[in-house]
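[1] This is a predicted model, with the sequence first.
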Amino acid sequence: MKPAVRPRAEAWIEQVKRIHPIYWAKHWSWVAVRAILVIGFCFVILYPLFFKLSVSFKDRMDIYDTTVLWIPKNFTLDTIRIAFQALSYPKTAWNSFAIAGVSTAMQVVSCSLAAFAFARLQFKGSGLLFAGVIFTIIVPVQTIMITTYLNYRYFDVFGLIELFTGQRGINLLDSYWPFILQSITGMGIKSGLFIFIFRQFFRGIPTELEEASYIDGCTVFQSFYRIMLPNAIPAIVTVVLFSFVWQWNDNYFVSLFLTSTDVLSTKLPVMWASFSLTDPLYAYLVKNAGELLFIAPIILLYMFAQRYFVESVERSGLIG
Amino acid sequence: MKRARMTLRRRKAALGMLFVSPWLLGFLFLFVVPLYESFLYSLNSLTLGKGGFDTSYEGFAYYRELFRTHPTFNRVLTEAITDIVINVPSITIFSLFVATLINQKFRGRVFARAIFFLPVLLAAPVLSLENSTQMNAIASSITGTSGEGGFLFTSFELQRMLLEAGAGQGIISYITDSVDRIYEIISSSGVQILIFLAALQSISPSLYEAAKIEGTTGYEAFWKITFPMISPILLTNVVYTIVDAYSRNALSQMITDTAFQSLNFSLSAAMAWVYFLVVATILLLTTTLISRKVFYYD
């Protein structure tokens, strides 16, 4: 008797809820509150972007014109062009891109390999080493800043270079080597977090898949390469996006390691040096245009990765 | 059969070591050794010469200098700690709130999610995204008018309004501060929202179904189901928020400046170690406090 009653009762409750004014008001007021909140937060996030976009195309005249709010009356590319030249954009953007691209590729390889070992290959001391990964996350980078700097200033492997050349190590600063070395050994920007993300994701993939691959004659590496990686594409997209963007935004390591090579994140705060503007308001406009040029590649990347990225949140193993 | 499995396991263990080895090398030579050396530097004075640098042992002199004679260190350190204490709860609560909000089904939620994760990507120290009202300040200082008016409801306006309403100075500054910081809070809670959202989606819907049949309201369901189920993630998020605070405070700037502008490497190393120990203590305290309340489902 019961199974028949329950659906009918539930349907009846649903019916009541749809008609009853109190339920109706409750439902729609929540919808309205939610809509206001979501739109409000979206506005706070998007406002600076729209602002930069609008301001970058404004002519000098438009700034003083109080009737111009968002859409410029005298559309111009001059502001962008000045910012473009002040940043020497093609060269600095290429440097930024090269550093971010190379370290992203290497970080994905080193972190996913280490995470696979932590997740699936049991070996002695793996728990202890994973505690080490967590430890690298919680130690502030400033703590090892000086030693890292001196390390690359007088780079040496077990004193071998000193033995052969007689000098105290070689100077690796102002080259890409520090970035390459850091990311290939999984010590780059937030590598610990990436290992953590990958490990969680790999642990979420069913063991049966892996076992089946061994029965079919895969080696361990093949199983990693053919089974685990294709299944972990959302995690890979997340890590690639984060790694690239954080490296692109970073001005801590680049200012530590690079002295004469210009990248966008170090050039942006000092772009004033290359030209002088007497009008502070126009200078502010140029600064905004420069920042727009700085974030444009990130936004483009995000537009492509966004679909996978949001999906990866939907079903990711990004949980501890 | 048994022998084959043993060899596979052994081979897996060996390969595990191999896969971890790049990371292990980096961990040892780019992390553990530098960490140890930086502690040594904080005990020694460092003089850069032509062919390298020389050290001489100073004991805890630099630590004494920090706490006793350094003009600003104590103040900056206290400010950094207060910042962490104030920011961590507000960021955690805000991100949990946003995560529950965008976890619900409504039209355009894919779009809303895409926008909510944007601040993670734009949280660069070189960008002055939150200062867009600055333009108005500059504009009004030049033209003498009150800027564009109407649209930009800045905290100047809010402050004036509250002053006219007769509120106290302390309350006013607190309110305007939190209004000004809304962008900061939003932009630093991106990763936390992401983690919470993933956790929310891993809660089995059958729990909610059962609760609904028993007649639970949405409010009760949140506190009795959602909150306990994501409490382990709450811990992860609090830890991440504390760690993430490193990148944006005055103390890390001071550590860098001491090293590369006044070239006092040892003092900077001492600062960094004090900072690390303080943060480690905070982390330890919060983890022990929270993990007592954490509920593990399995």
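    Cool, the structure landed. Keep in mind it's a predicted model, so treat the numbers as computed, not measured.

[2] A:I80 should be in a helix, yeah?
    Yes. Under DSSP: H, G, I helix; E, B strand; the rest coil, A:I80 sits within a helix.

[3] Next, count neighbours for it.
    17 (other Cβ atoms under 10 Å in any protein chain shown). C-beta: built from backbone N, CA, C; applies to glycine.

[4] For whichever residue of the stretch 151-300 of chain A sits closest to chain B, which residues are in contact?
    Minimum separation of the stretch 151-300 of chain A from chain B (Cβ to the nearest Cβ) falls at A:T185, amounting to 2.4 Å. Contact analysis of A:T185 by Cβ atoms under 8 Å, 6 or more residues apart in numbering or on different chains lists A:110, B:22-23, B:25-27, B:29-30.

[5] Hmm, A:P72 is touching A:K58, no?
    Yes. In this structure, A:P72 is within contact of A:K58 by Cβ atoms under 8 Å, at 4.2 Å.

[6] phi, psi of the residue of the stretch 151-300 of chain A closest to chain B?
    phi -100, psi 10 (degrees, to the nearest 10).

[7] A:L173 now?
    The phi/psi pair for A:L173 (degrees, to the nearest 10) is phi -70, psi 160.

[8] What strand or helix carries the closest residue to A:G101 other than its chain neighbours?
    Computed as Cβ to Cβ, 6 or more residues apart in numbering or on different chains, the closest residue to A:G101 that is not its neighbour in sequence is A:F244, at 7.1 Å. For A:F244, the host element (DSSP states H and E) is helix A:233-249.

[9] What is the neighbour count of A:A25?
    10.

[10] what sits against A:G192?
    Residues near A:G192 by Cβ under 8 Å, 6+ apart: A:133-134, A:136-137.

[11] Now with 6 Å, please.
    Neighbouring residues of A:G192 by Cβ atoms under 6 Å, 6 or more residues apart in numbering or on different chains: A:133, A:136-137.

[12] out of the residues you listed, which are buried?
    With burial judged by 16 or more other Cβ atoms under 10 Å in any protein chain shown, the buried subset of the contacts of A:G192 is A:133, A:136.

[13] contacts with chain B among the contacts of A:G192, please.
    A:T136 (Cβ under 6 Å from any Cβ of the partner chain).

[14] Out of the contacts of A:G192, list just those in helices.
    A:133, A:136-137 (DSSP state H).

[15] any bit of stretch B:229-238 sitting next to chain A?
    Yes. Contact of stretch B:229-238 with chain A (Cβ under 6 Å from any Cβ) involves B:T236.

[16] Off-centre distance for that stretch?
    Relative to its chain's centre, stretch B:229-238 lies at 15 Å (Cα atoms, centre = their mean, to the nearest Å).

[17] pLDDT below threshold where in the stretch 101-250 of chain A?
    Applying pLDDT under 70 to the stretch 101-250 of chain A flags residues A:158-163, A:165-169.

[18] lowest-confidence helix or strand of chain B?
    Every helix and strand of chain B was ranked by mean pLDDT, DSSP states H and E. The lowest is helix B:134-143, at a mean of 52.

[19] Excluding chain neighbours, give the residue nearest to the residue of the stretch 151-300 of chain A closest to chain B in space.
    In space, A:T185 is closest to B:G26, 2.4 Å off (Cβ to Cβ, 6+ apart).

[20] if I look at that neighbour, how far off is A:F244?
    Relative to A:F244, B:G26 is positioned 20 Å away (Cβ to Cβ, to the nearest Å).

[21] what do you get for B:I230?
    29 Å.

[22] Likewise for A:N95?
    For A:N95, the distance to A:F244 - Cβ to Cβ - is 14 Å.

[23] neighbour-wise, which of these two wins?
    Applying other Cβ under 10 Å to A:N95 and A:F244 shows that A:F244 carries more neighbours, namely 23 against 19.

[24] Correct me if wrong: the more buried one contacts A:S103.
    No. Between A:F244 and A:S103 there is no contact under Cβ atoms under 6 Å: 8.4 Å.

[25] Count the neighbours of A:D156 for me.
    Neighbours of A:D156 using other Cβ under 10 Å come to 16.

[26] counting contacts, what elements does the host helix or strand of A:H27 pack onto?
    A:H27 is located in helix A:21-56, with elements delineated by DSSP H and E. For helix A:21-56, the packing partners by 3 or more Cβ pairs under 6 Å, 6 or more residues apart in numbering or on different chains; DSSP states H and E come out as helix A:280-314, helix B:109-116.

[27] Among those, which comes closest to B:N249?
    helix A:280-314 (22.0 Å; Cβ to Cβ).

[28] Wasn't B:S56 part of a strand?
    Yes. Counting by three-state DSSP, B:S56 is found in a strand.

[29] count of residues packed around it?
    8.

[30] B:N44 versus that one, what's the distance?
    According to Cβ to Cβ, B:S56 stands 6 Å off from B:N44.

[31] Now for the two: what residues contact both?
    Joint contacts of B:S56 and B:N44 (Cβ under 6 Å, 6+ apart) do not exist.

[32] Give me the residue at the spatial middle of the chain.
    Just going to use chain A. Geometric centre of chain A, nearest residue: A:F242, 2.2 Å, by Cα atoms, centre = their mean.

[33] Sorry, I should have been clearer: chain B.
    Central residue of chain B (Cα atoms, centre = their mean): B:D244, at 2.6 Å.

[34] Around the nearest residue to that one once chain neighbours are set aside, how many other residues sit close by?
    In this structure, B:D244 finds its nearest non-sequential neighbour in B:S188, 6.5 Å apart by Cβ to Cβ, 6+ apart. Using other Cβ under 10 Å, B:S188 has 23 other residues around it.

[35] any idea how far B:S188 is from B:A245?
    8 Å.

[36] What of B:P119?
    Relative to B:A245, B:P119 is positioned 16 Å away (Cβ to Cβ).

[37] likewise A:G186?
    Distance, A:G186 to B:A245, by Cβ to Cβ: 23 Å.

[38] ok, the two, which is more surrounded?
    A:G186 (30 against 22).

[39] Surely the more buried one touches A:V109?
    No. Counting by Cβ under 6 Å, A:G186 stays clear of A:V109, with 9.3 Å between them.

[40] Assign A:D174 to helix, strand or coil.
    coil.

[41] Could you report the neighbour count for it?
    With neighbours defined by other Cβ under 10 Å, the count for A:D174 comes to 13.

[42] got the contact list for A:Y152?
    Residues in contact with A:Y152 (Cβ under 6 Å, 6+ apart) are A:172-173, A:178.

[43] Repeat the analysis, applying 8 Å as the threshold.
    Contact analysis of A:Y152 by Cβ under 8 Å, 6+ apart lists A:171-173, A:177-178, A:257.

[44] ranking these by neighbours, who comes first?
    Within those, most neighbours by other Cβ under 10 Å means A:P178, with 25 neighbours.
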